[in-house]
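Asker: Okay, sequence plus prediction incoming.
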Amino acid sequence: MCHKSNDEKDPGIALRILSWLRISGHLTGLLPALVLGFFIAAVPVQAQGVVVDGEEALVRMQADLPNSTLFLVNGPAVTFAGVEDDTSVSIQSFQKPMLALLALRLVDNGTISLQTSVADLLPEVIDGGPFKAPIRIHHLLQETAGFASPPLTLEPTPLERAISHTLLKRFAISVRSPGQVSSHDPIGWAILVAALEAASATPIENLIQNQILEPLSFGGERIRIDHVSPASTHMPLTISMKASTLARIARLLLRNRDASGQAFLDYEIYQDFVRGQNGFRLHPAADIMSYGLKIRRSDMHTWLEPLNTPCEASDFLMAFPVEGTVFGAVSSSDTCLPPALRQAGSTLAGDLFPGRVRPVAEGPPLAQPSKLEGRYVPARRSPAALSERLDILQAGHLSVFGYTGDLLRVRRNDGPVTIYRQTDAYRFDAEDREGPRLTFSPFKLGGYVMDGNNLFRRADILAAAGGLRDMMPWALIALLTAGHYAFGDRSKPWRRMGQFAAAGSVLVGLGLYLELHSWADVLYRVGEPWLITLWRLGLNVGLMLVLSVPMFVLSFARKREIPSKGVAILTAPHLALVAVSALIIFFTLVLWGVAGTFTPY
């Protein structure tokens with residue numbers, strides 16, 4: 001069931017009145033232009049590129065999204081399907097452009113700047129050392145700050161107030177320098193909320209009320225905002241509002257006007273917001289990561305969507321500014337909403353909107369790639385927890401090889417080889433046209449690549465580190481067997497080697513077990529980070545003991561102290577196994593980033 005609502009004035013009134021005055025002969029000379037100017041200024045004209053039959057369009061969308069609440073904004077008209085306009089809906093992905101609008105309002109009134117260092121606003125959360133690249137407000141809005149993803153094992157817990165700065169600091173773990181790549185970053189949004197509250201000395205609930213709802217004439221309407229603890233892919237807030245409120249806020253992606261007809265944002269700021277003039281791009285021809293928005297282009301159309309929306313999101317939208325139309329959906333099912341709405345919206349856009357040839361991007365030509373080959377691993381998430389990092393290394397990979405300057409070969413996991421042909425610097429299309437386009441970053445020597453909509457980063461030899469997890473228990477057991485040299489009638493060095501091997505294997509094994517299974521719980525649920533420092537200290541002490549074992553073996557071999565007669569002839573191969581196991585343990589922990597790490601986060 002579809003129904004429409006229309007909450008804006010009819011701009012045709014001005015033209016009808018002017019036409020009547022002309023016919024009556026009351027206007028002469030310059031008076032028509034003056035009257036026309038008066039009415040155009042007085043009446044809020046809605047820019048609308050294409051008139052769409054909302055009910056028919058939503059009926060078609062329901063075929064692809066049968067269990068979703070749908071809405072369509074087209075000029076002043078809003079059409080709903082599967083919901084009444086006063087029904088409450090919960091948003092997740094739309095929080096990003098909504099919080100971006102809020103931040104840009106504060107930029108507009110001078111409270112903050114897009115270049116403001118977050119460390120200046122939240123020194124207790126972000127370290128602002130002189131030798132570190134500063135994290136700025138625009139990094140948070142474009143999801144390029146480089147924070148680690150929250151552990152998947154955590155569940156979002158309702159909070160009475162915004163997350164404390166003490167807990168927020170534990171989540172604010174940097175895994176890369178800011179400005180390298182854009183990916184879903186719930187910690188960045190939680191820090192943005194805290195930064196906006198600190199800069200304005202106003203709770204986020206009041207900021208949204210004062211800066212967004214009231215200018216849109218929702219002053220008497222309250223939306224429900226609940227704080228939740230960071231977890232998995234969840235955003236820092238849970239926001240519920242009427243479907244009509246969501247649709248009218250979404251109209252800001254089409255029209256920079258508040259309820260009175262005044263500009264909602266300064267013209268230059270708004271153009272930067274919806275056109276991404278200062279946005280982040282992985283490649284000059286790739287999608288633009290603007291403030292809370294991703295600006296995407298097909299061959300014929302340009303649209304806006306919430307930035308880096310995960311599959312778990314309960315809401316999604318596509319806004320076509322030139323055509324004056326927004327397609328939106330909210331779902332409570334397990335459907336992966338973004339690709340489903342993208343497919344439905346793109347089909348409708350192709351049928352309803354006139355095609356516009358995409359202009360060729362101007363700029364200096366890119367140099368030809370110097371390094372593309374290697375092994376790439378998924379980079380959609382960047383966790384700090386060791387277990388999740390190893391899971392990503394084992395989940396899948398992209399092998400790129402055979403680059404000749406025009407062609408390259410790609411193998412996804414252990415599948416067949418696909419041949420790609422270069423269409424532009426750092427861009428390749430499959431020769432059979434069946435594989436997704438590859439877009440390599442021209443920065444960092446091609447350290448990142450988009451495989452269709454999936455982001456990968458080059459890991460090379462580190463990509464094989466995940467497979468060492470299965471070998472680690474056996475290496476520890478083999479090392480532990482050297483403990484028997486600590487007993488019996490043996491010289492002191494032999495007994496010392498046995499003691500070191502036994503103690504080292506136990507300390508490393510216990511530390512690794514806690515690191516793999518308890519790090520997130522101890523840091524975020526128990527809230528005792530000193531325990532992590534304690535077991536990491538023990539693990540590194542154990543690692544030093546383990547590393548001494550090959551030295552003992554080498555010393556015994558040089559002094560010819562290894563028995564070679566009778567049953568003792570097995571001592572030599574056993575010592576070789578123990579030494580190799582110790583080296584495997586050491587180099588594996590170096591590859592995993594555990595060796596030499598003592599701080600809890």
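Answerer: Okay, I see it. Numbers count the residues shown, from 1 in each chain.
Asker: Tell me if I am right that residue 377 is in a strand.
Answerer: Yes - read with DSSP: H, G, I helix; E, B strand; the rest coil, residue 377 is one of the residues of a strand.
Asker: what's the burial count for residue 229?
Answerer: Residues lying near residue 229 (other CB atoms under 10 Å) number 20. For the C-beta atoms, the positions are set from N, CA and C on the backbone; glycine is no exception.
Asker: contacting residues around the spatially closest residue to it that is not a sequence neighbour?
Answerer: Of all residues not flanking residue 229 in the chain, residue 157 sits nearest, at 4.4 Å (CB to CB, 6 or more residues apart in numbering). Contact analysis of residue 157 by CB atoms under 8 Å, 6 or more residues apart in numbering lists 228-229, 231.
Asker: what's the distance between residue 157 and residue 123?
Answerer: 26 Å (CB to CB, to the nearest Å).
Asker: Can you tell me the SS state at residue 238?
Answerer: strand.
Asker: in what helix or strand does residue 477 lie?
Answerer: Element membership for residue 477 (DSSP states H and E) is helix 472-480.
Asker: Mean confidence (pLDDT) on that helix, please.
Answerer: Across helix 472-480, the average pLDDT comes to 96.
Asker: what does it rub up against?
Answerer: For helix 472-480, the external contacting residues (CB under 8 Å, 6+ apart) are 501-502, 504-506, 508-509, 512, 546, 549, 577-578, 581-582, 584-585, 588.
Asker: Name the residues of stretch 524-540 that are buried.
Answerer: Neighbour-count burial for stretch 524-540 flags 524, 529, 531-532, 535-536, 538-540 (criterion: 16 or more other CB atoms under 10 Å).
Asker: for stretch 114-127, same thing?
Answerer: Result for stretch 114-127 [16+ other CB under 10 Å]: buried residues 114, 116-119, 121-122, 125-126.
Asker: repeat for stretch 512-524
Answerer: Here stretch 512-524 shows 512, 514-515, 518-520, 522-524 as buried, counting by 16+ other CB under 10 Å.
Asker: With stretch 436-454 instead?
Answerer: Those would be 438-442, 446-451, for stretch 436-454 by 16+ other CB under 10 Å.
Asker: likewise stretch 565-580?
Answerer: Going by neighbour count (16+ other CB under 10 Å), the buried part of stretch 565-580 is 571, 574-575, 578-579.
Asker: List of residues touching it?
Answerer: By CB under 8 Å, 6+ apart, stretch 565-580 touches 478-479, 481-482, 501, 549-550, 553-554, 556, 562-564.
Asker: From those residues, which land in helices?
Answerer: Counting by DSSP state H, the part of the contacts of stretch 565-580 found in helices is 478-479, 501, 549-550, 553-554, 556.
Asker: Backbone torsions only: list them for the residue lying closest to residue 85 once chain neighbours are set aside.
Answerer: Residue nearest to residue 85 in three dimensions, not counting chain neighbours: residue 244, with 3.9 Å by CB to CB, 6+ apart. Dihedral pair for residue 244: phi -70, psi -40, per degrees, to the nearest 10.
Asker: swap in residue 77?
Answerer: phi -90, psi 140.
Asker: The stretch 1-150 of the chain: helices as residue ranges?
Answerer: With DSSP state H, counting those that start in this stretch, the ranges of helices along the stretch 1-150 of the chain come out as 12-24, 31-42, 54-64, 95-108, 118-121, 137-142.
Asker: which secondary structure elements does the longest one contact?
Answerer: Pointing back at helix 95-108 there. Helix 95-108 sits against helix 137-142, helix 186-200, helix 204-208, strand 237-242, helix 267-275, strand 293-297, strand 302-306, with contacts defined as 3 or more CB pairs under 8 Å, 6 or more residues apart in numbering; DSSP states H and E.
Asker: ranking those by burial, who's on top?
Answerer: helix 137-142 (a mean of 27; mean count of other CB atoms under 10 Å).
Asker: contacting residues around stretch 57-65?
Answerer: 2, 68, 70-72, 79-82, 327, 329, 331, 335, 337, 340-341, 343-345, 347-348, 352.
Asker: ok, now with 6 Å
Answerer: Under the criterion CB atoms under 6 Å, 6 or more residues apart in numbering, residues 2, 70, 72, 79, 81, 329, 340, 344, 348 lie in contact with stretch 57-65.
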